[in-house]
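Trainee: just to be clear, the model below is a prediction. Sequence and coordinates:
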Amino acid sequence: GFGERKAKAERMFSLMDGFLKNDPFSLQKDILHHVEYTVARSRFNFDDYEAYQALSHSVRDRLIERWHDTHTYFKRTKPKRLYFLSLEFLMGRSLSNSVINLGIQDQYAEALSQLGFEFDVLAEQEGDAALGNGGLARFSACQMDSLATLDYPAWGYGLRYEYGLFRQIIVDGFQHEQPDYWLNFGNPWEIERIHVTYEVKFYGTVEDVDRNGEKHEVWIPGETVEAVAYDNPIPGYGTRNTINLRLWAAKPSNHFDLEAYNTGDYINSIVNRQRTESISNVLYPDDRSHQGKEMRLKQQYFFVSASLQDIIRRFKEAHNNFDELPEKVALHLNDTHPSLSIAEIMRILVDEEQLDWNKAWNIVCKIFSFTTHTVVAEGLEKIPTDLLGSLLPRHLQILYKINSNFMEELKKRIGLDYNRLSRMSIVEEGAVKSIRMANLSIICSHTVNGVSKLHSDTLKMRTFKDFYELWPEKFQYTTNGVTQRRWIVVSNPSLCALLSKWLGTEAWIRNADLLTGLRDHVDNTGFRHEWKMVKRLNKMRLAEYIETMSGVKVSLDAMFDVQVKRIHEYKRQLLNIFGIIHRYDCLKNMDKNDRTKVVPRVCIIGGKAAPGYEIAKKIIKLCHAVAEKINNDADIGDLLKLVFIPDYNVSVAEMVIPGADLSQHLSTAGHEASGTGSMKFLMNGCLLLATADGSTVEIIEEIGSDNLFLFGAKVQEVAELREKGGALKVPLQFARVLRMVRDGYFGDKDYFKSLCDTVEVGNDFYLLGSDFGSYLEAQAAADKAFVEPEKWTKMSILSAAGSGRFSSDRTIREYAERTWKIDPCQCPF
Ligand SMILES: NC(=O)[C@H]1O[C@H](CO)[C@@H](O)[C@H](O)[C@H]1O
């Protein structure tokens, strides 16, 4: 009875001497406890990696404590919850971020130094959790940090890939992909939930059955797989709230195939087992969309089915009427990768919970919201109906029914405009009959978000014009953001200290708008001096890393000019490389005396190319070929260096971004939905050289166009320029550089031919040639500003001062208030 339970609870509590203490001595005890009993090494003999493991487990204990309290409080107060569904989360490392968000960094540093260890050295032992490709994936991770910090009752759901994004190995200038087996020595930041498992079905047939005189569909699966939950506590900064990122791993449903065993087909039973587990094996390494890959579709359905079964179970524990679902649950689709959830929740509500179709549909349309991260229609996901019909026969039926109901509604609204009807249909007829996942997501979501103002305008005017004209109220934009905890406090501690000193508070860490206070100090020479010292310190760290990675020694007096992001033709790394070739060519032909006036540059490029993306791989090779030439040209010396940083990931970004003077964001206007790298550079006082694309348009509004270097065609000019095709004028400098590459000046002329063809006049879809002139002017303007250190430093300070708007805290608050309609729910104990 209650009395017994109360007595048991008091006894349980009395056995624990309250919350874990965070004084250095208690921390030391806990670390050594884990050395002995978790890592199982003698406390008198363990190395840095084992110390890292023990340290991490002691931090994990403190996360779990807060995780329990937070979820106990959520359970008690039953707030409306957000479920953020994303197939990718680029979390990076957890140790530093966790101790900083727990507010016990200093205590840990003290505890470790007394044990003879350095926190930063142990932190370097951790591998990245690289469960994603690029911007979209890191966007999810930054959102989770802000959701926790702002006390929103939220969960993230995704896949626990056995292999994260491939390791990029460069051999002779060529990218090679190596498996990223990040779970090699276990992962202290996750908790396997052996009791949280769900069956996920695939293949099979759908039978019509009669139930009380009514026809019902029953799905008879051909294969079932078990989904097991792995929880990753996400601590907020300056709050006790610690939310959950639940990632699913696939396990064979019947761990042992007795029949195969009895028939001696033992090997096959293991093979089946492995085939099943392979669903959550590997992240698809392509930042572009994937059409028609069965395993990719299996991954998408596997994670949404497990997530929705888990969400519905949790809802039913506290509620017994699905009419309450929209008041208690917000489901967010991070791009179309999780959009099968629409068909899956309809299946659960209609087939399993026996709700009437229309009742279920009305509920479902109140709980979904959608963010698209794509600009161009070609990038929108489509699933061939053949593939879907064989893998998920019941879902195809449901999607056809959703579409036919929608088409009926639409005809009433727009009449028999067949072109428009077929454009808006979820089903695309044609050579490969397919399901348009974006149309499905828009039709079922109450809100459709673009990730920047320009992006949203493009969606309204072009990509989703038909839907915008039908439902203008659904379309809005919530400009992306990045978390200042990871991108300043974790990655740039010296800047963090400087900001708190001159702003006179640490409150900016939870409220980035306070960074505008830096404007009050921009004319203070003392402040500018300290600002320069912080940048130099970070440049020293980056220079050491460059020398270690590439053997190239770089001068700290040079401008560190950085372009780091996935390699993509639209991101125009080739424009950067052509600019460097031009700069080299000018230096070589320059009178020695004039060279004294040249601004020395260290050009740093980094990023992974999707394994099957040949042109992107050729860009990486050309970068190495040009670097080979320039860096070994004694005549040029320190005036120009080019370095390719291999295996660019979150941890490398944390080291590169603080050390950059200038960062480049060169996408052809109208192609980058937002871009988030630019926001991280801005927060670290790095000046931008960019096109007016994506979120850069809003950055200009915040910091003023005289604090960055703009160039290139505006979005409204691009189509017209493309029209011109072969008649397009390109500067001589561009033709000369192209000729140099074509003639083999950097070797491998045959290999680079197809790359050169992509930017040949008349074929230059991303307009590198026609933008080259203004690009060189912007570069010259950057050189001119750099030789005036006080001017440059002011621009750098004003960049950081205007970066507050690009905190993911602002992004999340806007989503919470305008899209998800959820309120903060802070755990009081
Ligand atoms: N794949 C991506 O990175 C996409 O999502 C990111 C996050 O919204 C955007 O910043 C980026 O422009 C877009 O290409």
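Mentor: Alright, I've got the coordinates. Everything numeric in this text was worked out from a predicted model, so none of it was measured.
Trainee: give me the three-state assignment for Glu530.
Mentor: Look at Glu530: counting by DSSP: H, G, I helix; E, B strand; the rest coil, its state is helix.
Trainee: for Glu162, what are phi and psi?
Mentor: Here is the backbone geometry of Glu162 (degrees, to the nearest 10): phi -70, psi -40.
Trainee: gap between the nearest residue to Ile104 once chain neighbours are set aside and the ligand?
Mentor: Spatially, and ignoring its direct neighbours in sequence, Ile104 is nearest to Asn22 (4.6 Å; Cβ to Cβ, 6 or more residues apart in numbering). C-beta coordinates here come from the backbone N, C-alpha and C atoms, glycine included. Here the criterion is Cβ to the nearest ligand atom, to the nearest Å. By it, Asn22 lies 35 Å from the ligand.
Trainee: how about the residues of the stretch 651-800 of the chain that lie near the ligand?
Mentor: 672-676, 694 (Cβ under 6 Å from any ligand atom).
Trainee: run the last query once more with 5 Å
Mentor: Residues of the stretch 651-800 of the chain lying close to the ligand (Cβ under 5 Å from any ligand atom) are 672-676.
Trainee: just name the shakiest helix or strand of this protein by mean pLDDT.
Mentor: helix 258-262 (a mean of 58; mean pLDDT, DSSP states H and E).
Trainee: how many neighbours does the residue of the chain found nearest the ligand have?
Mentor: Nearest to the ligand, among the residues of the chain, is Gly135, at 2.6 Å (Cβ to the nearest ligand atom). Neighbour count for Gly135, taken as other Cβ atoms under 10 Å: 23.
Trainee: re earlier: ok now the helix or strand just after the least confident helix or strand of the chain, how far from the chain's centre?
Mentor: Downstream of helix 258-262, the first helix or strand assigned by DSSP states H and E is helix 266-277. Distance, stretch centre to chain centre, for helix 266-277: 33 Å (Cα atoms, centre = their mean, to the nearest Å).
Trainee: who does helix 266-277 touch, helix- and strand-wise?
Mentor: Taking 3 or more Cβ pairs under 8 Å, 6 or more residues apart in numbering; DSSP states H and E as contact, the helices and strands that helix 266-277 lies on are strand 242-252, helix 258-262.
Trainee: tell me the strands beside the first one, with direction?
Mentor: The pairing partners recorded for strand 242-252 under DSSP bridges are strand 154-159 (parallel), strand 223-235 (antiparallel).
Trainee: okay if I get the ones you listed as TSV plus distance to the ligand?
Mentor: Listed next are the strands paired with strand 242-252 as TSV, based on distance: least, Cβ to the nearest ligand atom, whole Å:
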stretch	distance to the ligand
strand 154-159	15
strand 223-235	19
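Trainee: could you identify which of those is most buried?
Mentor: strand 154-159 (a mean of 27; mean count of other Cβ atoms under 10 Å).
Trainee: now what about it, what contacts it?
Mentor: Residues outside strand 154-159 that contact it (Cβ atoms under 8 Å, 6 or more residues apart in numbering): 81-89, 131, 140, 143-144, 147-148, 234, 243-249, 280, 283, 299, 302-303, 307, 310, 822.
Trainee: emit the ChimeraX select command for whichever of the residues you listed are buried.
Mentor: Buried residues within these, by 16 or more other Cβ atoms under 10 Å, are selected in ChimeraX with:
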select :81,82,83,84,85,86,87,88,89,131,140,143,144,147,148,234,243,244,245,246,247,248,249,280,283,299,302,303,307,310,822
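Trainee: out of the contacts of strand 154-159, list just those in helices.
Mentor: 140, 143-144, 147-148, 299, 302-303, 307, 310 (DSSP state H).
Trainee: from those residues, pick the one nearest Glu788.
Mentor: Ranked by distance to Glu788 (Cβ to Cβ), the ones in helices among the contacts of strand 154-159 are led by Gln143 at 38.7 Å.
Trainee: quickly list the domain ranges of the protein.
Mentor: 78-93+128-480+815-820, 484-806 (automatic domain parsing).
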